[in-house]
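> coords please:
(one chain, ligands or ions: 1)
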Amino acid sequence: MIVMSIAGVDPSAGAGVFADLKTFQAIGVYGTGIVTSLTAQNPYKFFSTLPIGPEYIEEEIDSVLDAYEVEFIKTGMLYSPEIIRLVSKKIKQYHLKAVVDPVMVATSGGDLTKEDLASAMNKHLLPNSILTTPNITEAEKLTGFEIKNEDDAIKASKEIKCNSIITGGHLDGINTINIDGEITIQKQELIKTDNLHGTGCNLSSAIVAYLAKNNDLKTSILKSLNYVYEGIKNGNYGTLIAKI
Ligand code: PXL
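Model prediction:
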């Protein structure tokens, strides 16, 4: 049961590859991590990004998949259209089942992308993926729709180029799941906190871990929503983490 994260490094380890590896471990699968870019940041402030060249990312992926059999992967911060195209190519080459967190902006406000990535994701990545996990802002960027309520979210989910969960942290806790056109609304209580750094990364990596443990897609999503909710309640994210 070996899974893979292809994402950026947050050295404070609340988000990005380091956080994904911890989530994989917590749920009980062996995680591998492909680094697309380094960042300098903490939960309060984003300083800078140093992207890795696509050729080297390809070498990282090939080196792991040369030795390990991997079925499920997640993608996080991909930074540029070139990296998106490379990752899409590797997904096809290795027949990987990919969960895409369409990361564009950090919770701390830092810009995690060089340019608008939505069109490259729509064209190359999402059509080759089994699920994407946008928040409201990301879903708006992927579809061009404004999402103000549940009906808007359902409409947007029908435009997204693969199965999706549009997370409801900024929509009264209304999570909109669309699997093969079948809609499930999963409402969650909103917890009042500023400490959400890394929650998006953890949701998609939890889904991959549950899938690798033979849960179906819907069960994996529901279990992961609960995993992140409990984490927020326990103060496992953002600056509260140092206090556990
Ligand atoms: O949650 C988005 C995200 C993804 N990847 C990296 C990040 C962040 C947010 O800070 O740092 C590396």
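
> alpha carbons only for contacts and neighbour counts from here, please
Fine.

> near the ligand, which residues of the chain?
With Cα under 6 Å from any ligand atom as the criterion, the chain comes near the ligand at residues 8-10, 15-16, 76-77, 103, 106-107, 198, 200-201.

> mind redoing it with 5 Å?
Within the chain, the residues that sit near the ligand (Cα under 5 Å from any ligand atom) are Gly8, Val9, Asp10, Ala15, Gly16, Met77, Ala106, Gly198.

> in CSV: those residues, plus neighbour count and secondary structure.
Output for the residues of the chain next to the ligand, formatted as CSV (neighbours: other Cα atoms under 10 Å; DSSP: H, G, I helix; E, B strand; the rest coil):
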residue, neighbour count, secondary structure
Gly8, 27, strand
Val9, 27, strand
Asp10, 22, coil
Ala15, 28, coil
Gly16, 29, helix
Met77, 28, coil
Ala106, 19, coil
Gly198, 23, coil
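
> flag every buried residue along stretch 181-196.
Ile185, Leu190, Asn195, Leu196 (16 or more other Cα atoms under 10 Å).

> the most centrally placed residue in the chain and Thr167, how far apart?
The chain has Asp101 as the residue nearest its centroid, 2.6 Å off, counting by Cα atoms, centre = their mean. Distance from Asp101 to Thr167, counting by Cα to Cα, to the nearest Å: 11 Å.

> common neighbours of these two, please.
Shared contacts of Asp101 and Thr167 (Cα atoms under 8 Å, 6 or more residues apart in numbering): Thr133, Pro134.

> neighbouring contacts of stretch 24-40?
Under the contact criterion Cα under 8 Å, 6+ apart, stretch 24-40 has outside partners 1-11, 17-18, 20-21, 46-54, 57, 60-61, 64, 77-79, 83, 205-206, 209-210, 212-213.

> I'd like the next helix or strand past the one helix or strand Asn175 maps to.
Taking DSSP states H and E as the definition, Asn175 sits inside strand 174-179. Proceeding N to C from strand 174-179, the next assigned helix or strand is strand 182-187, under DSSP H and E.

> determine the set of other helices and strands touching that following strand.
With contacts defined as 3 or more Cα pairs under 8 Å, 6 or more residues apart in numbering; DSSP states H and E, strand 182-187 has these neighbours: strand 174-179.

> what separates the strand it packs on from the chain centre, distance-wise?
15 Å (Cα atoms, centre = their mean, to the nearest Å).

> hang on, the earlier thing: buried ones among the contacts of stretch 24-40?
Buried by 16+ other Cα under 10 Å: 1-11, 17-18, 20-21, 46, 49, 51-52, 54, 57, 60-61, 77-79, 83, 205-206, 209-210, 212, out of the contacts of stretch 24-40.

> could you pick out the longest helix of this protein?
Using DSSP state H, we find that the single longest helix of the chain is helix 217-233.

> and the strands in the protein?
2-9, 30-41, 46-51, 70-75, 97-100, 131-132, 164-166, 174-179, 182-187 (DSSP state E).

> circling back: so what touches the longest helix of the chain?
With Cα under 8 Å, 6+ apart as the criterion, helix 217-233 contacts 165, 179, 191, 195-196, 199, 202-204, 206-208, 210-211, 237.

> max pairwise distance over those residues: which two?
Ile179 and Asn195 (29.5 Å; Cα to Cα).

> excluding its backbone neighbours, what's nearest Glu58?
Computed as Cα to Cα, 6 or more residues apart in numbering, the closest residue to Glu58 that is not its neighbour in sequence is Leu86, at 7.2 Å.
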